[in-house]
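Novice: no FASTA, just this:
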Ligand code: 5GP
(Lines give C-alpha, C1' and ligand atoms only; values in the text may rest on other atoms or scores of the structure.)
Protein backbone atom coordinates (compact mmCIF):
# COMPACT_ATOMS: atom_id res chain seq x y z
CA UNK A 1 0.00 0.00 0.00
CA UNK A 2 1.22 3.49 -0.89
CA UNK A 3 2.37 5.63 2.03
CA UNK A 4 1.98 8.80 0.03
CA UNK A 5 -0.38 11.38 1.43
CA UNK A 6 -3.66 12.32 -0.18
CA UNK A 7 -2.18 15.67 -1.24
CA UNK A 8 0.92 14.08 -2.78
CA UNK A 9 -1.37 11.81 -4.77
CA UNK A 10 -3.37 14.84 -5.90
CA UNK A 11 -0.33 16.76 -7.15
CA UNK A 12 0.88 13.62 -8.94
CA UNK A 13 -2.48 13.50 -10.74
CA UNK A 14 -3.52 10.20 -9.17
CA UNK A 15 -6.58 11.76 -7.51
CA UNK A 16 -8.57 14.45 -9.32
CA UNK A 17 -8.70 17.94 -7.84
CA UNK A 18 -9.12 21.51 -8.97
CA UNK A 19 -5.48 22.66 -8.86
CA UNK A 20 -5.59 26.46 -9.00
CA UNK A 21 -1.88 27.21 -8.49
CA UNK A 22 1.46 25.43 -8.50
CA UNK A 23 5.13 26.27 -8.32
CA UNK A 24 8.29 24.39 -7.44
CA UNK A 25 7.60 24.41 -3.69
CA UNK A 26 3.83 24.32 -3.28
CA UNK A 27 0.43 24.10 -4.89
CA UNK A 28 -3.14 25.09 -4.11
CA UNK A 29 -6.47 23.33 -4.60
CA UNK A 30 -10.11 24.00 -3.88
CA UNK A 31 -11.32 22.20 -0.78
CA UNK A 32 -13.66 19.35 -1.66
CA UNK A 33 -16.00 20.20 1.24
CA UNK A 34 -15.84 24.00 1.47
CA UNK A 35 -16.51 25.66 4.84
CA UNK A 36 -16.73 29.09 3.15
CA UNK A 37 -17.69 30.28 -0.35
CA UNK A 38 -13.96 30.57 -1.06
CA UNK A 39 -12.07 27.69 0.59
CA UNK A 40 -8.61 26.97 -0.78
CA UNK A 41 -5.78 24.81 0.53
CA UNK A 42 -2.14 25.82 0.08
CA UNK A 43 0.12 22.79 0.37
CA UNK A 44 3.90 22.31 0.27
CA UNK A 45 5.11 19.63 -2.13
CA UNK A 46 7.20 18.32 0.77
CA UNK A 47 4.86 16.16 2.87
CA UNK A 48 5.56 17.68 6.29
CA UNK A 49 2.89 15.92 8.42
CA UNK A 50 2.06 18.73 10.86
CA UNK A 51 3.29 22.27 11.48
CA UNK A 52 5.17 21.08 14.58
CA UNK A 53 7.07 18.57 12.43
CA UNK A 54 8.67 21.36 10.39
CA UNK A 55 12.32 21.99 11.21
CA UNK A 56 14.82 24.78 10.60
CA UNK A 57 15.47 23.09 7.25
CA UNK A 58 11.88 24.00 6.26
CA UNK A 59 12.22 27.70 7.07
CA UNK A 60 12.28 28.80 3.42
CA UNK A 61 9.29 26.59 2.54
CA UNK A 62 7.26 27.99 5.45
CA UNK A 63 8.05 31.56 4.40
CA UNK A 64 7.20 30.72 0.82
CA UNK A 65 3.84 29.29 1.88
CA UNK A 66 2.92 32.50 3.71
CA UNK A 67 3.83 34.68 0.73
CA UNK A 68 1.96 32.35 -1.61
CA UNK A 69 -1.16 32.51 0.58
CA UNK A 70 -1.19 36.27 0.02
CA UNK A 71 -0.69 35.84 -3.72
CA UNK A 72 -3.46 33.26 -4.01
CA UNK A 73 -5.82 35.37 -1.90
CA UNK A 74 -5.18 38.26 -4.31
CA UNK A 75 -5.82 36.02 -7.30
CA UNK A 76 -9.05 34.76 -5.71
CA UNK A 77 -10.14 38.34 -5.00
CA UNK A 78 -10.41 37.89 -1.24
CA UNK A 79 -7.23 39.70 -0.18
CA UNK A 80 -9.13 42.42 1.73
CA UNK A 81 -10.74 39.88 4.09
CA UNK A 82 -9.77 36.27 4.49
CA UNK A 83 -8.82 33.92 7.29
CA UNK A 84 -5.90 31.47 7.31
CA UNK A 85 -6.23 28.31 9.38
CA UNK A 86 -3.72 25.56 10.10
CA UNK A 87 -5.01 22.56 12.03
CA UNK A 88 -2.17 20.91 13.93
CA UNK A 89 -3.13 17.47 15.24
CA UNK A 90 -6.20 15.26 15.29
CA UNK A 91 -7.27 16.91 18.55
CA UNK A 92 -8.21 20.11 16.67
CA UNK A 93 -9.56 18.35 13.60
CA UNK A 94 -6.55 17.75 11.36
CA UNK A 95 -7.58 14.92 9.07
CA UNK A 96 -4.91 15.03 6.36
CA UNK A 97 -1.40 14.66 7.78
CA UNK A 98 0.35 16.70 5.13
CA UNK A 99 0.72 20.34 6.18
CA UNK A 100 -1.78 22.69 4.53
CA UNK A 101 -3.04 26.22 5.05
CA UNK A 102 -6.75 26.84 4.68
CA UNK A 103 -7.71 30.14 3.02
CA UNK A 104 -11.30 31.03 3.88
CA UNK A 105 -12.97 33.99 2.22
CA UNK A 106 -16.26 35.53 1.17
CA UNK A 107 -17.66 34.58 4.55
CA UNK A 108 -18.53 36.73 7.53
CA UNK A 109 -16.48 35.71 10.56
CA UNK A 110 -17.13 36.73 14.10
CA UNK A 111 -14.38 39.06 15.31
CA UNK A 112 -14.30 37.29 18.67
CA UNK A 113 -13.98 33.76 17.32
CA UNK A 114 -11.04 32.08 15.63
CA UNK A 115 -13.00 29.09 14.31
CA UNK A 116 -14.10 28.27 10.75
P1 LIG B 1 -7.74 19.36 7.88
O2 LIG B 1 -9.02 18.97 8.55
O3 LIG B 1 -6.73 18.23 7.85
O4 LIG B 1 -7.15 20.65 8.38
O5 LIG B 1 -8.13 19.69 6.38
C6 LIG B 1 -8.20 18.75 5.38
C7 LIG B 1 -9.09 19.33 4.31
O8 LIG B 1 -8.93 18.55 3.14
C9 LIG B 1 -10.58 19.32 4.67
O10 LIG B 1 -11.09 20.64 4.68
C11 LIG B 1 -11.20 18.44 3.59
O12 LIG B 1 -12.47 18.88 3.17
C13 LIG B 1 -10.16 18.49 2.48
N14 LIG B 1 -10.12 17.29 1.65
C15 LIG B 1 -10.17 16.00 2.09
N16 LIG B 1 -10.09 15.16 1.04
C17 LIG B 1 -10.00 15.94 -0.07
C18 LIG B 1 -9.90 15.63 -1.46
O19 LIG B 1 -9.87 14.48 -1.90
N20 LIG B 1 -9.82 16.68 -2.32
C21 LIG B 1 -9.85 17.99 -1.89
N22 LIG B 1 -9.77 18.94 -2.82
N23 LIG B 1 -9.93 18.30 -0.58
C24 LIG B 1 -10.01 17.30 0.32
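Specialist: Nice, I can see it. Note that the structure is predicted; figures quoted are calculated from it, not measured.
Novice: near the ligand, which residues of this structure show up?
Specialist: Residues of the chain lying close to the ligand by C-beta under 6 Å from any ligand atom are 6, 15, 17, 29-33, 87, 93-96. Backbone N, C-alpha and C define where each C-beta goes, glycine included.
Novice: Correct me if wrong, but residue 75 is in a helix.
Specialist: Yes - if the criterion is DSSP: H, G, I helix; E, B strand; the rest coil, then residue 75 is within a helix.
Novice: Could you pull up the contacting residues of it?
Specialist: For residue 75, the contact set (C-beta atoms under 8 Å, 6 or more residues apart in numbering) comprises 20, 21.
Novice: Pull up the gap between it and residue 85, please.
Specialist: According to C-beta to C-beta, to the nearest Å, residue 75 stands 19 Å off from residue 85.
Novice: still on that earlier bit, only whichever of the residues of the chain next to the ligand are buried, select them in PyMOL.
Specialist: The PyMOL command for the buried members of those (criterion: 16 or more other C-beta atoms under 10 Å) is given here:
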select buried, resi 6+17+29+31+87+94
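Novice: Quick check: the farthest pair among the residues of the chain next to the ligand?
Specialist: The most widely separated members of the residues of the chain next to the ligand, counting by C-beta to C-beta, are 15 and 93 (21.1 Å).
Novice: can you give me the helices for the chain?
Specialist: Taking DSSP state H to define them, one finds helices in the chain at 6-11, 59-76.
Novice: Just say which of these is most tucked in.
Specialist: Across the helices of the chain, averaging neighbours per residue (mean count of other C-beta atoms under 10 Å) puts helix 6-11 on top, at a mean of 18.
Novice: so what secondary structure elements neighbour it?
Specialist: strand 19-22, strand 26-30, strand 38-44 (3 or more C-beta pairs under 8 Å, 6 or more residues apart in numbering; DSSP states H and E).
Novice: Show me how far the shortest one is from its chain's centre.
Specialist: The gap between the average C-alpha position of strand 19-22 and the chain average comes to 11 Å, counting by C-alpha atoms, centre = their mean, to the nearest Å.
Novice: Then stretch 108-116?
Specialist: On C-alpha atoms, centre = their mean, the centre of stretch 108-116 falls 19 Å from the chain's centre.
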